[in-house]
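S.K.: task: produce atomic coordinates for the following.
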Amino acid sequence: LGFMKKTFCKIILNTINLMRGAILHYSFGDGDQLPHITLPLFMAADTFVETDEGATPPAIGPEMFDEDEKSQKQRRKSNVKDRQFLPGKTYSFSLHNSNLDLYNWKVVGIPGIKSMDLSNFWMDMPLRIVAYMTDGPFSMPHNDLNKRYLFCFELKNNKLVSQAR
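M.R.: Next up, the predicted model:
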């Protein structure tokens with residue numbers, strides 16, 4: 001990214017961080033970290049249900065599972081950035097974002113900002129949605145030495161990939 005785009009991105013990311021209670025961690029990439037924007041899953045998920053071993057987890061499908069409103073509010077305001085996930089439990093969660101239009105590869109619906117094409121920032125690089133635990137405080141660098149991945153999904157804009165060929 002050039003100086004102007006990087007500065008613009010920092011303003012947006014720092015604004016989101018202020019609005020969400022400093023739960024965002026990001027890097028534009030350096031010798032130690034890959035470029036990333038990270039939020040603690042426990043706090044960022046729209047719904048999150050922890051099921052003990054042997055119990056039946058919520059059904060997942062077209063009808064989304066519910067999390068009671070009180071638990072959801074407590075969880076999202078908890079400021080638990082370094083929550084550990086334990087073997088034997090089942091974690092069910094959902095993520096929704098009305099500002100990320102993946103089909104058209106755009107950021108939309110941010111007050112005061114018209115829609116922006118993600119390829120202006122990411123070119124033809126994929127979007128990776130990952131969950132990992134860090135060995136140390138959330139504020140430290142998120143590099144391969146202190147990350148333990150739980151899952152990784154990669155999303156690509158096929159329209160951009162086919163144009164590049």
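
S.K.: could you pull out the strands for this structure?
M.R.: 25-27, 36-38, 47-51, 90-94, 100-101, 106-107, 116-117, 127-134, 147-155 (DSSP state E).

S.K.: can you redo those strands as TSV with distance to Pro58?
M.R.: The C-beta positions use only the backbone N, C-alpha and C, and glycine is treated the same way. Shown next, in TSV, are the strands of the chain (distance: least, C-beta to C-beta, whole Å):
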stretch	distance to Pro58
strand 25-27	29
strand 36-38	26
strand 47-51	5
strand 90-94	5
strand 100-101	24
strand 106-107	30
strand 116-117	35
strand 127-134	18
strand 147-155	18
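
S.K.: and Asp68, which of these is closest to it?
M.R.: Taking C-beta to C-beta, strand 47-51 is the member of the strands of the chain nearest to Asp68, at 9.6 Å.

S.K.: can you spell out which helices and strands pack onto that closest one?
M.R.: In terms of contacts (3 or more C-beta pairs under 8 Å, 6 or more residues apart in numbering; DSSP states H and E), strand 47-51 is packed against helix 69-76, strand 90-94.

S.K.: dump the strands of the chain to CSV, plus mean neighbour count and mean pLDDT.
M.R.: Formatted as CSV, the strands of the chain follow (neighbours: other C-beta atoms under 10 Å; pLDDT from 0 to 100):
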stretch, mean neighbour count, mean pLDDT
strand 25-27, 17, 77
strand 36-38, 15, 77
strand 47-51, 17, 87
strand 90-94, 15, 87
strand 100-101, 14, 82
strand 106-107, 18, 84
strand 116-117, 14, 84
strand 127-134, 15, 80
strand 147-155, 11, 82
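
S.K.: so which of those is nearest Ile60?
M.R.: Going by C-beta to C-beta, the one of those nearest Ile60 is strand 90-94, 6.4 Å.

S.K.: tell me the buried residues in the longest helix along the chain?
M.R.: Longest helix of the chain, by residue count under DSSP state H: helix 3-20. Neighbour-count burial for helix 3-20 flags Ile16 (criterion: 16 or more other C-beta atoms under 10 Å).

S.K.: before I go, just wanted to say thanks for your time.
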